[in-house]
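Engineer: Here is a sequence together with a model predicted from it:
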Amino acid sequence: MQNPQKQITLSTVKNHLEIKALIQTANANLEFLGYTEHGHRHVSYVSKTTANILRALGYPERTIELGAITGYIHDIGNAINRSNHGLTGAMLSFDILARMGLDPLENAQIISAVGNHEEQTGNPVNILSAALAIADKSDAHRSRVGKRTMDDIHGRVNLSILKNYITVDKENMVIRLFIYMDTKLSATMEFLQIYLTRMLMCEQAAKLLGCSFELIINRTIINRQNQSPTSENLAKGEKNVSES
Ligand SMILES: [Fe+2]
Ligand SMILES: [Fe+2]
């Protein structure tokens, strides 16, 4: 995946005017349609968390950088349409990143991840794709709820989430998603109604990374893959990899 002649970094991508315009437009479109926040905060969280997952698992620096780029651009397809935005985003990304001079093989790895990040049409297909899926699907939090999204189930569930973070337990090869919900505002059942297929995708993604995946809501393991701690005390060697 390395090409020492031309190494495009996250900062090159972040400063690109077309990328900036696409992220801004994608967020504005989704806000208008009543979706949760998909702007700079979301893509920055996903970028950092994708990179952190790869770093915690010991991947090389260049793979981590590509993960950061992938996370940053993964939702630009929403500037075209919410439907199939993974696929349209991949098409847009390839062209922009190629013009920036990104190594074609690295570019192909990135678009594979972007094009497979939505659970309706995608499956984890490579390392970047797996880390991206987990980072993206973990971003459920009250800070994502806009004025127009409070009244539906997505708004209620996100509004109820007081805290969310991912940990990587490298020793036991477990990736854990911790969610703390205010059950007066929503319920685990409602969370599962909208997040079940995303959580199943996280299980698949963790498997590709050689790990198991655990979903822990309000200190209860929902998918029971391992007998794991469910408190805020991290296991020995376990790292919190989420970034807000
Ligand atoms: Fe997306
Ligand atoms: Fe996303």
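Structural biologist: That came through, no problem. Ligands and ions are numbered 1, 2, ... in the order given.

Engineer: Around ligand 2, pick out the residues from the chain.
Structural biologist: When proximity is defined as Cβ under 5 Å from the ion, the chain approaches ligand 2 at 75, 136. Quick note: C-beta positions are derived from backbone N, CA and C, even for glycine.

Engineer: Which helix runs longest in the chain?
Structural biologist: helix 188-208 (DSSP state H).

Engineer: Just the residues contacting that helix, thanks.
Structural biologist: By Cβ atoms under 8 Å, 6 or more residues apart in numbering, the residues outside helix 188-208 that reach it are 119-120, 122-124, 126-127, 129-131, 133-134, 137-138, 140, 153-154, 156-157, 175, 177, 179, 181, 212-213, 215, 217-218, 220, 222-223, 225.

Engineer: Equivalent analysis for stretch 80-97, please.
Structural biologist: Outside stretch 80-97, the residues within contact range by Cβ under 8 Å, 6+ apart are 8, 13, 16, 18-19, 22, 26, 29-30, 33, 35, 69, 73-79, 107-108, 110-112, 114-118, 121-122.

Engineer: C-alpha coordinates for it, CSV please?
Structural biologist: The C-alpha coordinates for stretch 80-97 follow below in CSV (Å, rounded to 0.1, in the frame of the first residue of the first chain):
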residue,chain,number,x,y,z
ILE,A,80,-25.3,13.6,-4.3
ASN,A,81,-28.0,11.6,-2.6
ARG,A,82,-28.5,9.7,0.7
SER,A,83,-29.4,6.6,-1.2
ASN,A,84,-26.3,4.6,-2.2
HIS,A,85,-24.0,7.4,-0.8
GLY,A,86,-21.3,4.9,-0.1
LEU,A,87,-21.2,4.0,-3.8
THR,A,88,-21.4,7.5,-5.1
GLY,A,89,-18.9,8.7,-2.5
ALA,A,90,-16.4,6.1,-3.7
MET,A,91,-16.7,7.2,-7.3
LEU,A,92,-16.3,10.8,-6.3
SER,A,93,-13.3,10.0,-4.0
PHE,A,94,-11.4,8.1,-6.6
ASP,A,95,-11.4,11.0,-9.0
ILE,A,96,-10.5,13.6,-6.5
LEU,A,97,-7.8,11.6,-4.8
